[in-house]
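> Provided below are the primary sequence and the corresponding predicted coordinates.
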Amino acid sequence: MSQAVQTASSQVTGDLYAEVRTFYAQQMRRVDSLDIEGFADTFTDDGVVIHANGAKAEGRADMVEGMQRNLPRYRDIAPRHWFDHLLIEPGEKDDELNVSYYTLVTLVDREGNLTFEPTFTVEDVLVRRDGRLLTSKRVIHRDQPVDFF
């Protein structure tokens, strides 16, 4: 099944764009350094992640538990999450932002061998709590070829 292409219906300020990019840079540095608790702290207490395979993590504790189960996968590997082509729009509520972006994950082993994970399109809802951006919902879609014939 192909994915619809999303376009921004309104433009955010440069300051907000930079703030969102910085938020993601900090969030991904935590996950790439396997700082599971720190990564979970970038979500609201009741935050939800829906993975491309349909698995759902609800709340920080559930996220931490799922990530701890997957830690052996990253033994002797340096993961890096690369985000780009961000579309940032106001959300339904005043304190919400809807963000859509593409992501690529690279994995480097101790010998420097590089592998790529499949690419994904991610849809986030960011909220501002006590002046801080947090992810309240993340939906991850594995990219698929477009059916145009």
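Structure received. Numbering: from 1, shown residues only.
> in the chain, which segments are predicted with low confidence?
Residues of the chain meeting the criterion pLDDT under 70: 1-9.
> Strands of that one, start to end?
43-50, 56-58, 77-90, 96-109, 114-116, 120-129, 132-142 (DSSP state E).
> Could I get those strands in CSV, plus columns for distance to M28 and mean neighbour count?
(Each C-beta comes from the backbone N, C-alpha and C, glycine too.) Output for those, formatted as CSV (distance: least, CB to CB, whole Å; neighbours: other CB atoms under 10 Å):
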stretch, distance to M28, mean neighbour count
strand 43-50, 13, 17
strand 56-58, 17, 15
strand 77-90, 4, 15
strand 96-109, 9, 17
strand 114-116, 16, 10
strand 120-129, 11, 18
strand 132-142, 12, 17
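> how about CSV for those, with distance to V64 added?
Converted to CSV, the strands of the chain look like this (distance: least, CB to CB, whole Å):
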stretch, distance to V64
strand 43-50, 10
strand 56-58, 9
strand 77-90, 17
strand 96-109, 20
strand 114-116, 26
strand 120-129, 19
strand 132-142, 14
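> between the ones you listed, which one is nearest to S10?
Closest to S10 of these is strand 77-90 (CB to CB; 5.8 Å).
> That closest one pairs with which strands, and in what direction?
Here strand 77-90 is paired, per DSSP bridges, with strand 96-109 (antiparallel).
> residues in contact with the closest residue in space to G38 that isn't next to it in sequence?
Using CB to CB, 6 or more residues apart in numbering and skipping the chain neighbours, the partner closest in space to G38 is R30 (4.1 Å). Shown in contact with R30 (CB atoms under 8 Å, 6 or more residues apart in numbering): G38, F39, D41, T42.
> Quick check: I50 touching H141?
No. The pair I50 / H141 is not scored as a contact, 9.3 Å apart, by CB atoms under 8 Å.
> tilt between the lengthiest helix in the chain and strand 120-129?
In the chain, taking DSSP state H as the definition, the longest helix is helix 14-32. On the basis of axes from the mean of the first three to the mean of the last three CA atoms, to 10 degrees, helix 14-32 is oriented at 110 degrees to strand 120-129.
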